[in-house]
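> take a look and give me a structure for this.
(one chain, ligands or ions: 1)
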Amino acid sequence: MTLDAGLGATSEVGRLRTVMLHRPGPELTRLTPRNNDTLLFDGIPWVGRAQEEHDGFAQALRERDVEVLYLTDLLVETLADDEARATAIEATVTSGTTSLRLGDSLRDYFRRALSDLDPQGLMVALTAGVRNDEVRASSLVTSLLGHDEFLIDPLPNLLFTRDSSVWVGDHVAITSLKMPARVRESQLTELIYSRHPRFAGTPRIHGYTYEHVEGGDVLLLAPGVIAVGVGERTTPAGVERLARRVFADGLAHTVLAVPIAQERATMHLDTVATMVDVDKIVMYPNVAHTLTAYAVTAGDGEHLDVASAEPFLEAAAKAMGIDRLHQIDTGLDPVTAEREQWDDGNNTLAIAPRVAVAYERNVETNARLEAAGIEVVAIAGSELGSGRGGPRCMSCPVSREPL
Ligand SMILES: NC(=O)NCCC[C@H](N)C(=O)O
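I've put the predicted structure just below:
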């Protein structure tokens, strides 16, 4: 197996060649007012409109010569292989909360029932989940659980492909997602990256059973410099493991560990800041003066050298070897800034230096981006946004040109 020489990314802004998205599908139809909080959505999206908005996003990327891969297509292609199917089924039925919910009889039932499905049917079962009233099994567990309870949970947050894997150079990190509703997502990316012919053989730097690291926290500020948010999702131990590994594999010389508030509004570092040029960052102004970073570099052997906390923008510029990392949206009034941050105004996806996809609704932040010379590719996201993620969250760059 020879790897595609162009796989991977060393920055946030190198010309985007290939991206992995997930077009919202039947998993979103599983959301109800009773489960949306647990499933990490702030509302019940209008699924058809969310799909239209997502198609608009994909189209905007294709019009700029970006190849769009869909996670579910890759998954169905991967599941064509018998061994991959068996691995996927076993991982699902033995996965933490699912395994505990099913018990022995239903676990065995699902082993058989899922292996009877074709790759497309299996993909739908794994992503949209299976409700109690959708199985033919009858057991003590099916009798006692409510008819509309999930035996296998749906994965509505697959939409946010940023979080379930992240490329660092030509290596891929299979992330370890913190929230129970998302844990199974990276079993699927693990399967794709290890068994899909396009990716098999890609070197790894993390795994889904390791300490928590989520892709939305990982920002490739410049070749060799990675910022990692540490807050609600990525843990201190997660960034420690990642740092050790990227140093050992020569993928970075500095990791900036960036504490962020453990709150839903700032669940990942990319909810407060994203790169839009080699030396420009759009950043939630209400945190700009308080955000700090611990610069981590390789020490002797396994030891890591950890510098004292410094203001983020200063630590980043120093590590990147530039005079200044310019913050774009200074001057936004705090209430507008708060509203637009909630709606992912700072969560942009750069297609190239100074060209970034952003939600159209964040008019004030977008105006500042334009004023700073950034071309804003505006997309609709009123329904997509109910999952609290913007263009960066909804995309996993698989290939970017080096700067
Ligand atoms: N990188 C990101 O900020 N991703 C957005 C994830 C939203 C999802 N509903 C979650 O709570 O995990």
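> mind listing what the nearest residue to Ile260 once chain neighbours are set aside touches?
Leaving aside its sequence neighbours, Ile260 sits nearest to Gly231 (CB to CB, 6 or more residues apart in numbering; 3.8 Å). Heads up, the C-betas are built off the backbone N, CA and C, glycines and all. Contacts for Gly231 (CB atoms under 8 Å, 6 or more residues apart in numbering) come out as 217, 259-263, 266-269.
> of these, closest to the ligand?
His268 (3.8 Å; CB to the nearest ligand atom).
> what number of residues lie near Ile226?
Neighbourhood size, Ile226 [other CB atoms under 10 Å]: 27.
> from memory it sits against Leu256, does it?
Yes: using CB atoms under 8 Å, Ile226 is in contact with Leu256, at 7.1 Å.
> hang on, the earlier thing: show me which of the contacts of Gly231 are buried.
217, 259-260, 266-269 (16 or more other CB atoms under 10 Å).
> nearest to Gly146 among those?
Closest to Gly146 out of the buried ones among the contacts of Gly231 is Met267 (29.6 Å), distances taken as CB to CB.
> buried ones in stretch 173-182, by neighbour count?
Neighbour count says stretch 173-182 has 173-179, 181-182 buried, by 16+ other CB under 10 Å.
> please apply the same query to stretch 315-323.
In stretch 315-323, the ones that count as buried by 16+ other CB under 10 Å are 315-320.
> spell out which residues of the stretch 101-250 of the chain are next to the ligand.
157, 160, 162-163, 179, 182, 216 (CB under 6 Å from any ligand atom).
> where does the stretch 201-350 of the chain dip in pLDDT?
Within the stretch 201-350 of the chain, no stretch has pLDDT under 70.
> quick check, the residue in the stretch 201-350 of the chain closest to the ligand?
Gly216 (2.3 Å).
> mind listing the strands for the stretch 101-250 of the chain?
Here the stretch 101-250 of the chain has its strands, by DSSP state E, counting those that start in this stretch, at 130-131, 150-152, 165-168, 171-174, 204-206, 218-222, 224-230.
> the ones you listed into JSON lines, with extra columns for distance to Glu67?
Below are the strands of the stretch 101-250 of the chain laid out as JSON lines (distance: least, CB to CB, whole Å):
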{"stretch": "strand 130-131", "distance to Glu67": "32"}
{"stretch": "strand 150-152", "distance to Glu67": "31"}
{"stretch": "strand 165-168", "distance to Glu67": "14"}
{"stretch": "strand 171-174", "distance to Glu67": "17"}
{"stretch": "strand 204-206", "distance to Glu67": "23"}
{"stretch": "strand 218-222", "distance to Glu67": "19"}
{"stretch": "strand 224-230", "distance to Glu67": "24"}
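> nearest to Arg244, of these?
Arg244 lies closest, by CB to CB, to one member of the strands of the stretch 101-250 of the chain: strand 204-206, at 9.7 Å.
> which residues does the residue of the stretch 201-350 of the chain closest to the ligand contact?
Taking CB under 8 Å, 6+ apart as the test, what Gly216 contacts is 160, 162-163, 229, 233, 267-271, 389, 392-393.
> so which of the residues you listed are in helices?
Using DSSP state H, the subset of the contacts of Gly216 located in helices is 162-163.
> most neighbours, which of the contacts of Gly216?
Asp163 (31 neighbours).
> Gly385 versus that one, what's the distance?
From Asp163 across to Gly385, the span is 16 Å (CB to CB, to the nearest Å).
> and the nearest residue to Ile379 once chain neighbours are set aside, what element?
Sequence neighbours aside, Phe57 is the residue nearest to Ile379 in space, at 4.9 Å (criterion: CB to CB, 6+ apart). Element membership for Phe57, per DSSP states H and E: helix 47-63.
> average model confidence for stretch 95-104?
Stretch 95-104 shows a mean pLDDT of 93.
> what residues sit buried inside it?
Buried residues in stretch 95-104 (16+ other CB under 10 Å): 95, 98, 101-102.
> from these, which single one is nearest the ligand?
Ser95 (17.4 Å).
> correct me, but that closest one touches Ser186?
No: using CB under 8 Å, Ser95 is not in contact with Ser186, being 10.8 Å away.
> got the residue ranges for the helices in the stretch 101-250 of the chain?
Ranges of helices within the stretch 101-250 of the chain are 119-128, 140-144, 161-164, 185-195, 236-248, based on DSSP state H, counting those that start in this stretch.
> now for the fourth one, which elements pack on it?
Pointing back at helix 185-195 there. helix 71-78, helix 82-93, helix 161-164, strand 165-168, strand 171-174 (3 or more CB pairs under 8 Å, 6 or more residues apart in numbering; DSSP states H and E).
> out of the ones you listed, deepest packed?
helix 161-164 (a mean of 29; mean count of other CB atoms under 10 Å).
> my guess is Met179 contacts Phe41. True?
No: between Met179 and Phe41 there is no contact under CB under 8 Å: 11.9 Å.
> ok, the residue lying closest to Arg182 once chain neighbours are set aside - how many residues close by?
In space, and not counting its chain neighbours, Arg182 is closest to Asn157: 5.2 Å by CB to CB, 6+ apart. Neighbours of Asn157 under the rule other CB under 10 Å: 23.
> might one say that Asn157 is in contact with Ala181?
Yes: counting by CB under 8 Å, Asn157 touches Ala181, with 6.6 Å between them.
> which residues do these two both contact?
Applying CB under 8 Å, 6+ apart, one finds that Asn157 and Ala181 are jointly contacted by 39-40.
> can you say which helix or strand has Val68 in it?
strand 67-70.
> who are the contact partners of His326?
Here His326 is in contact with 279-281, 372 (criterion: CB under 8 Å, 6+ apart).
> distance of it from Glu185?
34 Å.
> same question for Arg131.
Distance from Arg131 to Glu185, by CB to CB: 19 Å.
> settle it for me: which of those two has more neighbours?
Glu185 (24 against 18).
> okay, buried residues for stretch 366-376 please.
For stretch 366-376, by 16+ other CB under 10 Å, it's 366, 368-369, 372, 374, 376.
> and for stretch 274-291?
Quick answer for stretch 274-291 (16+ other CB under 10 Å): 274-285, 287-288, 291.
> can you show me the helices along the stretch 251-400 of the chain?
According to DSSP H, counting those that start in this stretch, the helices that the stretch 251-400 of the chain contains are 285-288, 312-320, 334-342, 363-371.
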